[in-house]
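Trainee: need a 3D model of the following:
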Amino acid sequence: MATPATTCGTLVVAGFMKLRQIADALGCRLTGDGELEILGVAGMEHAAAGQLTFLANPKYAPKVKHTKASAILVAEAVQGLDIACLVSQNPYLDFARALALFYQPPRPAPGVHPLAYVAPSATLGAECSIGPFAVVGERVRIGRNAVLHPHVVVYEGAEIGDDFLAHSHATVREFCRIGNRVTLQNGVVVGGDGFGFAKRADGTQCKIVQSGVTILEDDVEIQSLTSIDRATVGETRIKRGAKIDSLVQVGHACTVGENNIVCAQTGLAGSTVLERNVVLAGQVGSSGHLTVHEDAVVYAQSGIGGDVAKGARISGSPAFAAGDWLRAVTAFQKLPELLRTVRELKRKVDELKQNAEPNRVP
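Mentor: Numbers count the residues shown, from 1 in each chain. Got it, this is the predicted structure:
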């Protein structure tokens with residue numbers, strides 16, 4: 001197995017492993033020298049001798065002959081090159097698993113730091129680590145193995161499951177509920193007020209109390225500086241396994257479905273519903289009170305103005321079928337040329353009309 005771990009930067013490096021040990025750990029078929037000592041993993045263009053790389057997309061196959069890696073994760077064994085192979089049904093997934101064999105972020109020791117505050121009525125599970133300047137409010141309940149890094153704040157009455165990880169400046173607001181194995185990256189706000197106001201007769205805005213909650217189910221991860229608003233009434237819910245990127249805004253009473261991928265700078269207006277296995281690429285925007293049905297994919301910078309059918313692929317703003325959008329945007333680039341052609345044809349038609357006038361029979 002791996003040699004004892006040593007600290008390197010912000011990661012823990014687990015020494016080296018024999019290639020056959022990695023193959024066994026990943027369940028891959030080995031071709032080549034199983035006694036190779038692998039020191040780490042890297043992308044194909046940056047890998048050096050003693051490292052493992054991967055090939056997930058066949059279009060990058062020509063680059064394999066230029067890599068300096070000692071071994072590669074592939075879907076099919078590489079022929080004609082002196083490189084050991086780990087044959088995998090999912091090279092990208094197994095590359096991610098291989099990373100975990102060599103690198104683990106440092107974990108603080110269990111305990112409550114003297115500079116943290118935990119309210120007397122709060123309950124912490126076993127092996128929790130509460131960092132300096134973290135605050136855990138009254139009647140909060142947190143499960144086993146939680147890690148709260150410095151300056152994390154959990155408001156009154158929040159309930160959090162096991163294996164919670166919150167990085168610095170993440171905030172969980174009052175009465176929100178979080179499941180097991182949830183990760184909040186730096187600056188995430190769970191349960192901030194939804195954006196709700198009612199206009200008075202004199203034109204001023206009256207704030208609507210946001211009495212609902214935000215619920216994060218198991219295995220959710222939310223990246224840095226993302227806001228998941230609480231509902232005006234009822235709930236905002238992020239379902240099991242959803243992954244939400246940085247700088248995303250999820251409005252009040254939205255539902256983000258199971259195993260969704262929501263990429264950076266996306267904004268969901270209130271009461272947007274995403275069903276399971278939906279993918280929203282970067283900078284997608286949705287108007288409220290609509291449903292994106294399961295398995296749909298919305299491409300980058302699209303604007304969703306209505307319901308999206310199951311399995312649809314849409315693009316553009318306003319968004320429509322991606323294939324039609326590609327044809328439309330291709331035609332759009334040709335509009336100046338088409339305009340010149342139309343003008344030239346019109347000029348010729350006008351000339352023909354003028355030449356035909358003297359020959360017209362009364």
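
Trainee: rest of the way, CA atoms for contacts and neighbours
Mentor: Noted.

Trainee: what about the helices in the stretch 201-350 of the chain?
Mentor: 322-333, 335-356 (DSSP state H, counting those that start in this stretch).

Trainee: what lies in contact with the shortest one?
Mentor: In this case it means helix 322-333. Helix 322-333 is contacted from outside by Tyr299, Arg313, Ile314, Ser315, Gly316, using Cα atoms under 8 Å, 6 or more residues apart in numbering.

Trainee: circling back to that earlier point, mind putting the helices of the stretch 201-350 of the chain in JSON lines, mean neighbour count and distance to Tyr155 included?
Mentor: Shown next, in JSON lines, are the helices of the stretch 201-350 of the chain (neighbours: other Cα atoms under 10 Å; distance: least, Cα to Cα, whole Å):
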{"stretch": "helix 322-333", "mean neighbour count": "13", "distance to Tyr155": "43"}
{"stretch": "helix 335-356", "mean neighbour count": "12", "distance to Tyr155": "56"}
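
Trainee: buried residues in stretch 111-118?
Mentor: Val112, His113, Ala116, Tyr117, Val118 (16 or more other Cα atoms under 10 Å).

Trainee: let me have the residues you listed in JSON lines, extended by distance to Ala158, secondary structure and pLDDT.
Mentor: As requested, the buried residues of stretch 111-118 are exported to JSON lines (distance: Cα to Cα, whole Å; DSSP: H, G, I helix; E, B strand; the rest coil; pLDDT from 0 to 100):
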{"residue": "Val112", "distance to Ala158": "18", "secondary structure": "strand", "pLDDT": "98"}
{"residue": "His113", "distance to Ala158": "21", "secondary structure": "coil", "pLDDT": "98"}
{"residue": "Ala116", "distance to Ala158": "17", "secondary structure": "coil", "pLDDT": "98"}
{"residue": "Tyr117", "distance to Ala158": "15", "secondary structure": "strand", "pLDDT": "98"}
{"residue": "Val118", "distance to Ala158": "13", "secondary structure": "strand", "pLDDT": "98"}
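
Trainee: what about the stretch 201-350 of the chain, any weak spots by pLDDT?
Mentor: The stretch 201-350 of the chain contains no residues with pLDDT under 70.

Trainee: the residue nearest to Lys310 when sequence neighbours are not counted: what's it in contact with?
Mentor: Of all residues not flanking Lys310 in the chain, His293 sits nearest, at 4.6 Å (Cα to Cα, 6 or more residues apart in numbering). If you count contacts by Cα under 8 Å, 6+ apart, His293 has them with Leu274, Glu275, Arg276, Val278, Asp307, Val308, Ala309, Lys310, Gly311.

Trainee: want to throw the buried residues of stretch 111-118 into TSV with distance to Leu247?
Mentor: Putting the buried residues of stretch 111-118 into TSV (distance: Cα to Cα, whole Å) gives the following:
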residue	distance to Leu247
Val112	30
His113	30
Ala116	28
Tyr117	29
Val118	29
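
Trainee: now the two most distant members of those.
Mentor: His113 and Val118 (9.9 Å; Cα to Cα).

Trainee: can you give me the domain boundaries for the protein?
Mentor: 6-104, 111-323 (automatic domain parsing).

Trainee: ok so, going back, I'd like the distance between the residue nearest to Lys310 and Arg276.
Mentor: Distance of His293 to Arg276, computed by Cα to Cα, to the nearest Å: 7 Å.

Trainee: do Leu184 as well
Mentor: Taken as Cα to Cα, the span from Leu184 to Arg276 is 21 Å.

Trainee: higher neighbour count, these two?
Mentor: Leu184 (26 against 22; other Cα atoms under 10 Å).

Trainee: distance check, the more buried one against Asp163.
Mentor: Per Cα to Cα, Leu184 is found 12 Å from Asp163.

Trainee: now swap in Gly80 and tell me
Mentor: Distance, Gly80 to Asp163, using Cα to Cα: 46 Å.
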